[in-house]
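>>> could you work out the structure for the sequence below:
(chains A and B)
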Amino acid sequence: GAVVSQHPSRVICKSGTSVKIECRSLDFQATTMFWYRQFPKKSLMLMATSNEGSKATYEQGVEKDKFLINHASLTLSTLTVTSAHPEDSSFYICSAPGGRGGLYTQYFGPGTRLTVL
Amino acid sequence: GENVEQHPSTLSVQEGDSAVIKCTYSDSASNYFPWYKQELGKRPQLIIDIRSNVGEKKDQRIAVTLNKTAKHFSLHITETQPEDSAVYFCAASLFYFGTGTSLTVIP
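Alright, predicted model coming up:
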């Protein structure tokens, strides 16, 4: 199957700082990537759809100015959590559809555990 | 948007027994229904999927059924093994997930 990487895997930061998370499709091109947030023992909540070469599409209730998404190339999307606060602490996962499985197959990154002190 | 409900939230079965997880969805336009397995601290992994032109699909011990009229679909795992223990998520379309089912298979 296709591989999606995510970096960093774990980050601890102070309240008020910004954190950038990278999502890369390693062996296929992804014009679209998805960003999710997952709380402990909860489901994945779609935050936004990242589109290469255009603005991201945010889900209702997700602050676009707080969660900045940039899809700079066909293999890289970044999520920047700006002015992070403790309530932003969560598990963030990206995914990309495509690869050999076709557009209906979604490949997930390993996730980033963000802890804001 | 789509609303996906999943039941039960937790499920314990004896090794060798079957496990069934059910999901309902709200948007009749949804036509793709994947199931994911997520182990603790790891990424979700696709285990099986079904599209709306098919009523049932099977892959070894795993099967999924879909009732488009009633807007519900189910995951069936037969001959469960301890390594099947994980959280299972259904989804309608690519990115609307159910609330998850924590499956424990007791040896």
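>>> any low-confidence regions in chain A?
Scanning chain A for pLDDT under 70 picks out A:1, A:99-103.
>>> those strands in it, which residues are they?
Listed in chain order, the strands of chain A (DSSP state E) span A:4-7, A:10-13, A:19-25, A:32-38, A:44-51, A:57-58, A:67-73, A:76-81, A:90-97, A:106-108, A:112-116.
>>> kindly report the same for chain B.
Using DSSP E, strands in chain B cover B:4-7, B:10-14, B:19-25, B:32-38, B:45-51, B:56-59, B:62-67, B:72-77, B:86-92, B:96-97, B:101-106.
>>> what sits against the nearest residue to A:S83 once chain neighbours are set aside?
Spatially, and ignoring its direct neighbours in sequence, A:S83 is nearest to A:G16 (5.7 Å; C-beta to C-beta, 6 or more residues apart in numbering or on different chains). All C-beta atoms are positioned from the backbone trio N, CA, C, and that covers glycine. A:G16 is in contact with A:83-85, counting by C-beta atoms under 8 Å, 6 or more residues apart in numbering or on different chains.
>>> how close does A:G16 get to A:L79?
18 Å (C-beta to C-beta, to the nearest Å).
>>> what do you get for A:G53?
17 Å.
>>> how about B:G16?
Note on B:G16: its distance to A:L79, by C-beta to C-beta, is 43 Å.
>>> from B:Y88, how far out is the residue in chain A positioned nearest to chain B?
Ranked by C-beta to the nearest C-beta, the top residue of chain A for proximity to chain B is A:F108, at 4.1 Å. Per C-beta to C-beta, A:F108 is found 14 Å from B:Y88.
>>> near chain B, which residues of chain A show up?
A:34, A:36, A:41-46, A:49, A:59-60, A:93, A:95, A:97, A:101, A:104-106, A:108-111 (C-beta under 8 Å from any C-beta of the partner chain).
>>> report the buried members of those residues.
A:34, A:36, A:43-46, A:49, A:93, A:95, A:97, A:105-106, A:108-109, A:111 (16 or more other C-beta atoms under 10 Å in any protein chain shown).
>>> tell me the contacts of the nearest residue to B:P44 once chain neighbours are set aside?
Residue nearest to B:P44 in three dimensions, not counting chain neighbours: B:Y36, with 3.8 Å by C-beta to C-beta, 6+ apart. Taking C-beta under 8 Å, 6+ apart, we find B:Y36 in contact with B:44-47, B:88-91, B:97.
>>> okay, these in JSON lines with pLDDT and neighbour count next?
Rendered in JSON lines, the data for the contacts of B:Y36 read as follows (pLDDT from 0 to 100; neighbours: other C-beta atoms under 10 Å in any protein chain shown):
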{"residue": "B:P44", "pLDDT": "91", "neighbour count": "27"}
{"residue": "B:Q45", "pLDDT": "91", "neighbour count": "14"}
{"residue": "B:L46", "pLDDT": "91", "neighbour count": "17"}
{"residue": "B:I47", "pLDDT": "94", "neighbour count": "18"}
{"residue": "B:Y88", "pLDDT": "97", "neighbour count": "23"}
{"residue": "B:F89", "pLDDT": "96", "neighbour count": "25"}
{"residue": "B:C90", "pLDDT": "96", "neighbour count": "28"}
{"residue": "B:A91", "pLDDT": "94", "neighbour count": "27"}
{"residue": "B:F97", "pLDDT": "92", "neighbour count": "25"}
